[in-house]
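Asks: Quick one, what's the 3D model for this:
(one chain, ligands or ions: 1)
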Amino acid sequence: MSSTLGLSWDQHHLGQEVQMGSVARRSFASENVVNRDHALPNPSWNKDLRLLFDQFMRKCEAGSWKRLPSNNHSPQSFQDFQTRFVDPKLPKEQISQARLFTRSFEDGLGFEYVMFCNDAEKRVVCFFQAGPYLQGAPGFTHGGAIATMIDATTGMCAFRAGGVVMTANLNINYKRPIPLCSVVVMKSQIDKVEGRKVFVSCNVRSVDEETLYSEATSLFIKLDPNKKLA
Ligand SMILES: CC(C)(COP(=O)(O)OP(=O)(O)OC[C@H]1O[C@@H](n2cnc3c(N)ncnc32)[C@H](O)[C@@H]1OP(=O)(O)O)[C@@H](O)C(=O)NCCC(=O)NCCS
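Replies: All right, here's what the predicted structure looks like:
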């Protein structure tokens, strides 16, 4: 499946430098980001999601893993991306209304998730609870919603390793349907980087790891700051 779902600059990178070509952009850490961090427990999180969150927060304390905050707006620092790549004729009101797709539902109804990264090992793990508005077949999660979260997770993995990227290709094998409202574990890792191409793989399993729901490979391309996108 070829993806148009990529959200490779999901808002988890607040506080770190964004590289565009060889130019390091300023840190987002000092920005006054008013919208809340969605990658923290809320009352809609079920027991599994809370347990996994707590387990990885302990790993964060040990130092190898980092929780990735997640907001629903693009930080002001993406002004640079906008200037370079977004059509200047796009109405400003439309841009100001824009929200990150995966963070556009009310708590618990859509995508509830938290990601953790291990930069040394070039891995990103996402714990995802699919809310009732993500139904596909009755009682199961929509394949597009699963693709969205695989894309977001592998995209984050590519971004951590390669800076600003876009999805060029996403291949998914759906092996078992994911029950709606359950929690799954998405593990992604960088397979290789060849020039501007970043190859990432991902598997989606049940919390007890007994069930393999999906396997995926993705190709991300590091953006060339001298090329127009459209
Ligand atoms: C991804 C994208 C930015 C790449 O465009 P580009 O910067 O002009 O890159 P190029 O086309 O020069 O490709 C760079 C390299 O990647 C390879 N590549 C690009 N797309 C590829 C694909 N789908 N499959 C395999 N290889 C691909 C090219 O063959 C080229 O390889 P080479 O350097 O060995 O010759 C562009 O194809 C695009 O805008 N696609 C849409 C992205 C999108 O909307 N994604 C969803 C939202 S993130």
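
Asks: When you work out contacts or count neighbours from here on, use the C-alpha atoms and nothing else.
Replies: OK.

Asks: Which helix or strand contains the residue nearest to the spatial centre of the chain?
Replies: Central residue of the chain (Cα atoms, centre = their mean): residue 152, 2.9 Å from the mean position. Using DSSP states H and E, residue 152 sits within helix 143-162.

Asks: name the helices or strands packed onto that helix?
Replies: Helices and strands in packing contact with helix 143-162 are listed as strand 123-130, strand 165-174, strand 183-194, strand 197-206, strand 212-222; criterion 3 or more Cα pairs under 8 Å, 6 or more residues apart in numbering; DSSP states H and E.

Asks: Tabulate those strands (CSV), appending mean pLDDT, mean neighbour count and distance to the ligand.
Replies: Converted to CSV, the helices and strands packed on helix 143-162 look like this (pLDDT from 0 to 100; neighbours: other Cα atoms under 10 Å; distance: least, Cα to the nearest ligand atom, whole Å):
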stretch, mean pLDDT, mean neighbour count, distance to the ligand
strand 123-130, 98, 25, 18
strand 165-174, 97, 19, 4
strand 183-194, 98, 20, 8
strand 197-206, 98, 22, 6
strand 212-222, 98, 21, 5
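
Asks: what would the ones you listed look like in CSV with distance to residue 89?
Replies: Listed next are these as CSV, based on distance: least, Cα to Cα, whole Å:
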stretch, distance to residue 89
strand 123-130, 36
strand 165-174, 22
strand 183-194, 35
strand 197-206, 30
strand 212-222, 25
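
Asks: immediately after the helix or strand of the chain with the lowest mean pLDDT, which helix or strand?
Replies: Least confident element among the helices and strands of the chain, by mean pLDDT, DSSP states H and E: strand 23-24 (a mean of 32). Next in sequence after strand 23-24, counting helices and strands by DSSP H and E, comes helix 47-62.

Asks: can you list the residues that contact the helix or strand following that next one?
Replies: Using DSSP H and E, the helix or strand that follows helix 47-62 in sequence is strand 66-68. The contact list for strand 66-68, computed with Cα atoms under 8 Å, 6 or more residues apart in numbering, reads 12-13, 39, 57, 60, 114-118.

Asks: Could you please name the strands strand 66-68 pairs with and the direction of each pair?
Replies: The partner list of strand 66-68 in its sheet, established with DSSP bridges, is strand 111-118 (antiparallel).
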